[in-house]
Structure formats: C-alpha cells, structure tokens
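[1] after the sequence you'll find the predicted model.
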Amino acid sequence: MAKHSAAGFMTRALHAEGHAKPMNAHTQPIFQTSTFYFDSAEHGADLFAGRQAGHIYTRIGNPTVEAYESVVADLEGGGAAVAFSSGLAAIYAALMSLLSSGDHVLSGDTLYGPSVNLIGQVMRRFGVESTFIDTSDPEAIKRGLRADTRVLFLETPANPTCRVTEIRKAAQLAHEAGARVVVDATFATPYFLRPLELGADISLHSTTKFINGHGDVVGGVATASPELAKTIRKFRTDTGACPAPMDAFLSLRGIRTLGLRMERHNRNALAVAQYLQQHEKVSRVYYHGLPDDPGHTAAKREMSGFGATFSFELTGGYAAAKRMLKGIEMMTLAVSLGTLDTLIQHPASMTHASVPEEIMRQQGLTPEMVRIHVGLEEADDIIADLEQALAKA
Ligand SMILES: *Cc1c(COP(=O)(O)O)cnc(C)c1O
C-alpha cells in the first residue's frame, strides 16, 4: 500500500504513491508509446520471465496506466487495481476471471442496461447461467444462491432507481455459500463507498463517470486483492481491453479532485431532489439521499454520502416527460453521468432501451421516469432550469 495511506482521502488523492513523478515532472507524464526497448537480449528475456520488473508492451503494462491504477487502489482502501478501456470491459474481465462454463451468477435485477445484456445474453451463450433478483433484500439473496453460484454481482446504488444493497450483509451470505462478490459502485465512487472494506471481492467503476469526472474519457477499473487482481490483469492482457496512456493520464488528473467534486455534487443533488419532491408535476423522486427513501437507512450504514444521479417520475406520464426534456435550456440532454455539468435523459427510450420490457418493469423502471445527473453549477440555476422545463410539461 502507498506510503500516504494513513492520510485522509483528499490528501491521498493528491499524494498517493502512484503520483510519483519521473524526471522531476510535477505531473505524471503520458508515456505515449506502444512498446519499450530492452537494454540487452538478457534484459528482454528477464522481463518476459518475470525475473526483473519493467515494461514490455503497453497492452501488458504502461507507466502512466500503472500510476493511475496505484492511486485508485489507494483510494479504494487497498488491494490492487486494473484499469480498462471502458467500464463494461472491467465488468466483463472481473466476471470472466471468476467464472467458467457451467457456473451460475446471481445478479442484481436493477443494473446499468448493458450489464444486463452482458450477463443475461452474452455470457449465457458461453454456458454461464444467471438469475436476476433484488439484491437489496437479503432473503432474496438467500433464496437465489445455488450450489453452483460462483458470483454474486450487484450494483449499489443501482441505476436508475437508486436501490441500495448493503454490501456487508450480501457478502456474508454469498461467502457462506462459496460465492464471490462483485460490486459495481460507479454511482457512489470510492469517496462515498469502498466495497472491499465491506467484504466485497471486487470493486468496479466505470471511470467514464465521476472518477475521471470531466466527460472526456471512456474507461473502467477493477480493484481486488493483489492475487485476484493478477488474474484480472492476465485476462486483460489476453483479451486486449487496455486503457490508452492518454486516457489514464486524464483520469489521474480527474481523480485528484474527486472528493471535492463529490461533496458539491452531493449537496446540489440533495437540493434538487428536495425541490422536485415538492413539485406538483412530480409524482415520485427516487433518491436515497432523501430521508423517506426506502434505501436511505441502508445507504447511511455503509456510505458517507449519496451521490448525484437519480430518477423522478412525472404525474403526466410519458408525454409529459418528453415535453419536459424538450423544454430544457441550460442542462444538457445526454446519457452518461459524473460529468462536471448537469445531464438529463429518459431511460425508457435511451439508456435502458436495449433492456427487454419485462426486465425493465422488474427493475421498477417506468415510461414516465426521467434521470438526472446533478452537476457542479449553482444549485439555484439547475432548479431554475427544471422549474421552467416543468412548467412546459
Ligand atoms: C456507465 C456505466 C457502466 C459502463 O461503463 P462504460 O464506461 O460506459 O463502459 C457500468 N455501470 C454503471 C453503473 C455505469 O453507470
């Protein structure tokens, strides 16, 4: 673990060991190179045999990528991190590192849309069975675990309904049944939630979102024990989803302000959620930061903040949701989240359009649901834009 690991989160985000700066550069340089030369034939042979540490080829390892991975692992509270070219590549590698044909995955039923397709469709073609359940209910986990269950996969807070699963309880149940626990904590970030400290085996993030935070990179990361991370890294080398050095550099730039950004995202999100909750045209707000939300108590037990992406429903249904989005002026009509600015979108026709309707309903998704990622603007300005857009709904 990094030498600064005793320090607080925001300090480590700036000073963790991965920030070591070669040749006195104040910022980690971008090692924009595909390959690395050997000093001699022996040196090359030693690197390949693992007798010496060093770099061979960027798909296998790159100094900028490794610097970034080291900072992520520090902020996740330990273990080793492996970075990927996308969040989905990280999820795929994490699952494939633990599963073989004939194994069973017990999965949360409220997930990022493409994760549902990956587990329910792609992996099934290769003989991995799966069942989808509500992981926020420990009884459902108990009932769902089978003798051949190797992985419990869950997302918390889950997209887009902010359903919260208590990781400690879920991990205990899964481990008793001999299954490993993989958590997609993209919505929370390590600033608010550290799954490994709560008993999860792998913590996953789409770093496209809050970790990079600037909306200019698609990336992912998986953090696990050094031993398990080694298996995941080998899978990345064998299948190729390595991040570009430039993207690792940008994400390393982004992570330095993660704590600061999350504090403000969180504060703004609460103000926006409270505003929406009292609005006559809004029938329901799904945000675990609100005291009366079903996930609030569970979230408070394991998270130090709530995040900034949530959904709400309009009394006027699908047509009203469409009219409202048409009326947006300042906010950006776009999918994704974790950017500096506020993004707003319509899951039923956008992010979750690929999810079969039956699964969508199971996830609690409705046609009148709108998802918002609350950005870093002045909260009053976000609310003013919502106010004028809702007036047109
Ligand atoms: C965006 C997202 C992903 C997928 O990440 P990509 O970087 O787009 O591949 C996975 N899980 C969650 C919760 C996400 O929000």
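    Here it is on my side, so go on.

[2] format the CA atom coordinates belonging to the worst-scoring helix or strand of the chain on mean pLDDT as PDB.
    Lowest mean confidence among the helices and strands of the chain (mean pLDDT, DSSP states H and E): helix 357-362, at a mean of 74. Presented in PDB, the C-alpha positions along helix 357-362 are these (Å, rounded to 0.1, in the frame of the first residue of the first chain):
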ATOM      1  CA  GLU A 357     -39.500  -4.700 -21.300                       C
ATOM      2  CA  GLU A 358     -40.200  -7.500 -18.900                       C
ATOM      3  CA  ILE A 359     -36.800  -6.900 -17.200                       C
ATOM      4  CA  MET A 360     -37.300  -3.200 -17.300                       C
ATOM      5  CA  ARG A 361     -40.600  -3.500 -15.300                       C
ATOM      6  CA  GLN A 362     -38.900  -5.900 -12.900                       C
END
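
[3] give me the nearest residue to the one residue in the stretch 51-200 of the chain that gets nearest to the ligand, chain neighbours excluded.
    For the stretch 51-200 of the chain and the ligand, the shortest gap (Cβ to the nearest ligand atom) falls at residue 87, measuring 2.3 Å. To be clear about C-beta, it is placed using only N, CA and C from the backbone, and glycine gets the same treatment. In space, and not counting its chain neighbours, residue 87 is closest to residue 206: 2.5 Å by Cβ to Cβ, 6 or more residues apart in numbering.

[4] please tell me how far the residue of the stretch 51-200 of the chain closest to the ligand sits from residue 253.
    18 Å (Cβ to Cβ, to the nearest Å).

[5] report pLDDT for whichever residue of the stretch 101-250 of the chain sits closest to the ligand.
    Residue nearest to the ligand within the stretch 101-250 of the chain: residue 206 (3.0 Å; Cβ to the nearest ligand atom). Listed pLDDT for residue 206 reads 98.

[6] which phi and psi does it have?
    Dihedral pair for residue 206: phi -80, psi 110, per degrees, to the nearest 10.

[7] do residue 372 as well
    phi -120, psi 140.

[8] tell me which parts of the stretch 151-300 of the chain are close to the ligand?
    155, 159, 184, 186, 187, 206, 208, 209, 218, 220 (Cβ under 6 Å from any ligand atom).

[9] of all those, which comes closest to residue 360?
    Nearest to residue 360 out of those is residue 159 (Cβ to Cβ; 12.2 Å).

[10] how deep is the closest one tucked in, by neighbour count?
    Neighbourhood size, residue 159 [other Cβ atoms under 10 Å]: 26.

[11] I figured it hits residue 108, correct?
    No: Residue 159 is beyond contact range of residue 108, at 10.2 Å (criterion: Cβ atoms under 8 Å).

[12] can you pull out the strands in the stretch 1-150 of the chain?
    80-84, 104-108, 129-133, 149-155 (DSSP state E, counting those that start in this stretch).

[13] what of the stretch 151-300 of the chain?
    180-184, 202-206, 220-224, 282-286.

[14] leaving out chain neighbours, which residue sits closest to residue 129?
    Closest to residue 129 by Cβ to Cβ, 6+ apart is residue 104, at 4.5 Å.

[15] ok, residue 272 next?
    Here the residue nearest residue 272, using Cβ to Cβ, 6+ apart, is residue 374, at 5.1 Å.

[16] ok, residue 105 - how many residues close by?
    24.

[17] quick check, pLDDT for it.
    The model's pLDDT for residue 105 equals 98.

[18] do the one 3 residues further on as well
    The predicted local confidence for residue 108 comes out at a pLDDT of 96.

[19] go on, residue 3?
    48.

[20] in three-state terms, label the closest residue to the ligand within the stretch 251-393 of the chain for me.
    Taking Cβ to the nearest ligand atom, the ligand has its nearest neighbour within the stretch 251-393 of the chain at residue 337, 6.1 Å off. Of the three states, residue 337 takes coil according to DSSP: H, G, I helix; E, B strand; the rest coil.

[21] which non-adjacent residue is nearest it?
    Residue 337 sits nearest to residue 373 (Cβ to Cβ, 6+ apart), 3.7 Å away.

[22] bridging residues for the one you found?
    Under DSSP bridges, the beta-bridge partners of residue 373 are residue 309, residue 343.

[23] what about it, how many residues nearby?
    26.

[24] isn't it up against residue 339?
    Yes: Residue 373 is within contact range of residue 339, at 6.8 Å (criterion: Cβ under 8 Å).

[25] what residues are up against residue 339?
    Residues in contact with residue 339 (Cβ atoms under 8 Å, 6 or more residues apart in numbering) are 213, 214, 215, 332, 373, 375.

[26] circling back: closest to residue 36 out of the residues of the stretch 151-300 of the chain next to the ligand?
    Among those, and counting by Cβ to Cβ, the member closest to residue 36 is residue 220, at 24.2 Å.

[27] identify the residues contacting that closest one.
    Counted by Cβ under 8 Å, 6+ apart, residue 220 has contacts 83-91, 204-208.

[28] now render these as a markdown table, adding distance to residue 41 and neighbour count.
    Shown next, in a markdown table, are those (distance: Cβ to Cβ, whole Å; neighbours: other Cβ atoms under 10 Å):
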| residue | distance to residue 41 | neighbour count |
| --- | --- | --- |
| 83 | 31 | 29 |
| 84 | 32 | 29 |
| 85 | 32 | 18 |
| 86 | 37 | 19 |
| 87 | 40 | 25 |
| 88 | 40 | 20 |
| 89 | 34 | 22 |
| 90 | 36 | 30 |
| 91 | 40 | 28 |
| 204 | 40 | 28 |
| 205 | 40 | 32 |
| 206 | 42 | 28 |
| 207 | 38 | 31 |
| 208 | 41 | 24 |
